[in-house]
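1. Sequence first, then the predicted structure, then my questions.
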Amino acid sequence: MTRKSLMEGMKSRPFAYADIYRHPPMAGPNLPPALAALRKNESGSVVLLPDGRWFVTWSQGSFESALDERIVGAVSADQGLTWSEPRMITASTVEFRRAYGCPFVVPATGRIYLFLHEGRQHGGGPDRSSPEVDAGTFGFMFSDDAGRTWSEIRRIPVFERDISVFPGRIHGHLNHPPQVMPGGRVVLPFTQGHRNGATRRAWQLCWCESSFLECGNLLTERDPARLRFSLLPPGTHGLRADLLRHGDNPAARQLAAAFGGNAVELAANAQEPTVVPLSDGRWVTVMRTYLGSPGYAVSRDGGRTWTKVERLRYGPDGAWIDHPHTMCPLARLPDGRFMLLFTNNDGTRNGAAHVWDGGNRTRNPQWFVIGRELPGEERNGGLIFGAPRVLAEADDLESPDGFRASTCTGIAMPQYIHAGGRHFVQYGLKKEHILLDEIPAAVIDEMTP
């Protein structure tokens, strides 16, 4: 693959390594359906197989929420440098939307699980603004042949929360693969939303909370019917940004003004969590919020109880880490350091009107920062971060035919990958292409505080 192809659509890509998938050239409003269905590619997720191959899944379709959305997968045998053509894993139907999946590999067996949400489809049924749309259940599929064939979808029992709108169904989404915590505990981060009447007018104002599904025997049980799931934190609700503590936040007020909402109401939103362990046994979760920064919370009891969601800083007494309402994963490196992927914009920079603003205004460029633990420190999740650096920046060119995969383009949905002693980040470009960069170890060392 030539350097020119790696830079297509990019203004800056200093760590360019490979393109996982770029759709074929296309332009015009009347594309053949088979070609149009390749245009939207987002929410990539890479896992490593025991034999050294890499496996990736992502969501593909004509556009976000199109009726032809599906989950596809591909394999690399050379550490992500080249990839097979995508193979469909499961597709949306008239009844169900199947668009985003998160894979997990059992190290001992190589079995790949794919966790997904099956929500009520909008085609031929309820109005797209109805609370019925996207209400559904989580489920999983599995493959024992490196993703060539897959089982049927098995549903995971719904755990009721106060935020639920319908009994036995939730408005939820997955963005990050299950994570293995100390002691072999496997937790699947997820977001649950409250799609009420107000969000039919402006979905950007909805309440959302972060939780984790724990599968206590995923690493050892071969019979899928005997997998056991539980909810963290248990009880009536997940992690939300505290209303009274953050209702006067400037970023929340700005978003509320843009959509005619109430800042105190929408400050509760906390989505798309990642979770990492600290050396003293604490868990730290980081999530996107409406607060102009990533939110974080800490658990001392393995995810059962958590501190209040606070804004993340560069250090206990440092400046806020600026970030809009987009994915901001925190990953633990093998040596105990951390990488935070974020976009360094509190919703006011680069011409942005608020933290939900689209185009290239909030989700571009993509930044990263390296952190480490501060032993004995309680504030800021016990973490300190160094100076940030740009990972990649998309160009500002619109598609010739005016197409946008969604209102939020730029660079989004990044994921850190460690393989063969090397450090990689995969991410989406304008929700149309899936790219892969390699960050040299020397760069990470330079950026460590």
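-> Great, that's in hand.
2. For the rest of this, base every contact and every neighbour count on C-alpha atoms.
-> OK.
3. Relative to residue 178, how far out is the nearest residue to residue 106 once chain neighbours are set aside?
-> Excluding the flanking residues, the one nearest residue 106 by C-alpha to C-alpha, 6 or more residues apart in numbering is residue 219, at 5.7 Å. As judged by C-alpha to C-alpha, to the nearest Å, residue 219 and residue 178 stand 11 Å apart.
4. more crowded one of these two?
-> A count of neighbours by other C-alpha atoms under 10 Å puts residue 178 above the other of residue 219 and residue 178, at 26 against 18.
5. Residues in a beta bridge with the closest residue to that one other than its chain neighbours, which ones?
-> In space, and not counting its chain neighbours, residue 178 is closest to residue 188: 4.1 Å by C-alpha to C-alpha, 6+ apart. Assessed by DSSP bridges, residue 188 has beta-bridge partners residue 213.
6. Model confidence at residue 188, what's the number?
-> Among the per-residue scores, residue 188 shows a pLDDT of 98.
7. next one: the one 4 residues further on
-> For residue 192, the pLDDT comes out at 95.
8. Tell me the bridge partners for it.
-> When assigned by DSSP bridges, residue 192 has beta-bridge partners residue 172, residue 209.
9. got a list of what residue 115 touches?
-> Neighbour list for residue 115: 101, 102, 103, 138, 139, 140, 141, 174 [criterion: C-alpha atoms under 8 Å, 6 or more residues apart in numbering].
10. nope, residue 182 is what I meant
-> Counted by C-alpha under 8 Å, 6+ apart, residue 182 has contacts 277, 281.
11. quick one: it and residue 217, what's the gap?
-> Separation of residue 182 from residue 217 (C-alpha to C-alpha) stands at 14 Å.
12. Repeat that for residue 111.
-> Noted for residue 111: a distance of 14 Å to residue 217, by C-alpha to C-alpha.
13. Looking only at neighbour counts, state which of those two leads.
-> Counting neighbours by other C-alpha under 10 Å for residue 111 and for residue 217 shows that residue 111 has the greater number, 20 against 15.
14. so who does the closest residue to that one other than its chain neighbours touch?
-> Residue nearest to residue 111 in three dimensions, not counting chain neighbours: residue 144, with 4.8 Å by C-alpha to C-alpha, 6+ apart. Residue 144 makes contacts with 110, 111, 112, 150, as judged by C-alpha under 8 Å, 6+ apart.
15. could you redo the last one with a cut-off of 10 Å?
-> Contact analysis of residue 144 by C-alpha atoms under 10 Å, 6 or more residues apart in numbering lists 109, 110, 111, 112, 113, 150, 151.
16. how about the fifth one, what does it touch?
-> Residues near residue 113 by C-alpha under 10 Å, 6+ apart: 101-106, 140-144, 147, 150-151, 177-178, 218.
17. The last one now?
-> Residues counted as contacts of residue 151 (C-alpha under 10 Å, 6+ apart) are 89, 113, 114, 140, 141, 142, 143, 144.
18. 7 Å instead, please
-> When contacts are counted by C-alpha atoms under 7 Å, 6 or more residues apart in numbering, residue 151 touches 141, 142, 143.
19. Looking at neighbours, which among those residues is most surrounded?
-> For the contacts of residue 151, the largest neighbour count, defined by other C-alpha under 10 Å, is 22 neighbours, found at residue 142.
20. how would you label that one: helix, strand or coil?
-> With DSSP: H, G, I helix; E, B strand; the rest coil as the basis, residue 142 sits in strand.
21. for this structure, which spans come out with low pLDDT?
-> Scanning the chain for pLDDT under 70 picks out 1-4, 196-201, 406-408.
22. How about the contacts made by the residue positioned nearest the centre of it?
-> In the chain, the residue lying closest to the centroid (C-alpha atoms, centre = their mean) is residue 175, at 3.4 Å. Shown in contact with residue 175 (C-alpha under 7 Å, 6+ apart): 43, 102, 272.
23. which residues touch residue 302?
-> By C-alpha under 7 Å, 6+ apart, the contact set of residue 302 is residue 283.
24. Repeat the analysis, applying 10 Å as the threshold.
-> 181, 182, 185, 232, 233, 277, 281, 282, 283, 284.
25. In JSON lines: those residues, plus distance to residue 163.
-> Putting those into JSON lines (distance: C-alpha to C-alpha, whole Å) gives the following:
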{"residue": "181", "distance to residue 163": "27"}
{"residue": "182", "distance to residue 163": "30"}
{"residue": "185", "distance to residue 163": "26"}
{"residue": "232", "distance to residue 163": "15"}
{"residue": "233", "distance to residue 163": "14"}
{"residue": "277", "distance to residue 163": "27"}
{"residue": "281", "distance to residue 163": "30"}
{"residue": "282", "distance to residue 163": "27"}
{"residue": "283", "distance to residue 163": "24"}
{"residue": "284", "distance to residue 163": "23"}
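26. What residues sit buried inside the longest helix that the chain contains?
-> Ranked by residue count, the top helix of the chain under DSSP state H comes out as helix 250-259. Neighbour-count burial for helix 250-259, counted by 16 or more other C-alpha atoms under 10 Å, picks out 250, 251, 252, 253, 254, 255, 256.
27. Report the distance from it to the chain centre.
-> Offset of helix 250-259 from its chain centre (C-alpha atoms, centre = their mean, to the nearest Å): 23 Å.
28. list the helices and strands that helix packs on?
-> In terms of contacts (3 or more C-alpha pairs under 10 Å, 6 or more residues apart in numbering; DSSP states H and E), helix 250-259 is packed against helix 263-266.
29. if we can go back for a sec, hmm, who's touching the longest helix of the chain?
-> So helix 250-259 is contacted by 201-205, 246-247, 260-269, 289-293, 323-324, 346-348, 353-357 (C-alpha under 10 Å, 6+ apart).
30. Could you pull out the strands in the stretch 51-200 of the chain for me?
-> Using DSSP state E, counting those that start in this stretch, the strands found in the stretch 51-200 of the chain span residues 54-61, 70-76, 87-91, 96-97, 101-105, 112-120, 135-143, 154-155, 170-173, 179-181, 185-194.
31. Output the contacting helices and strands for the third one.
-> Taking 3+ C-alpha pairs under 10 Å, 6+ apart as the contact definition, the neighbouring helices and strands of strand 87-91 are strand 54-61, strand 70-76, strand 135-143.
32. Check which helices and strands the last one sits against.
-> So that's strand 135-143. strand 87-91, strand 96-97, strand 101-105, strand 112-120, strand 154-155, strand 170-173, strand 185-194.
33. mind checking which of those is nearest residue 391?
-> Closest to residue 391 of the helices and strands packed on strand 135-143 is strand 101-105 (C-alpha to C-alpha; 23.4 Å).
34. The closest one to strand 87-91, inter-axis angle?
-> With axes from the mean of the first three to the mean of the last three C-alpha atoms, to 10 degrees as the basis, strand 101-105 and strand 87-91 are set at 120 degrees to each other.
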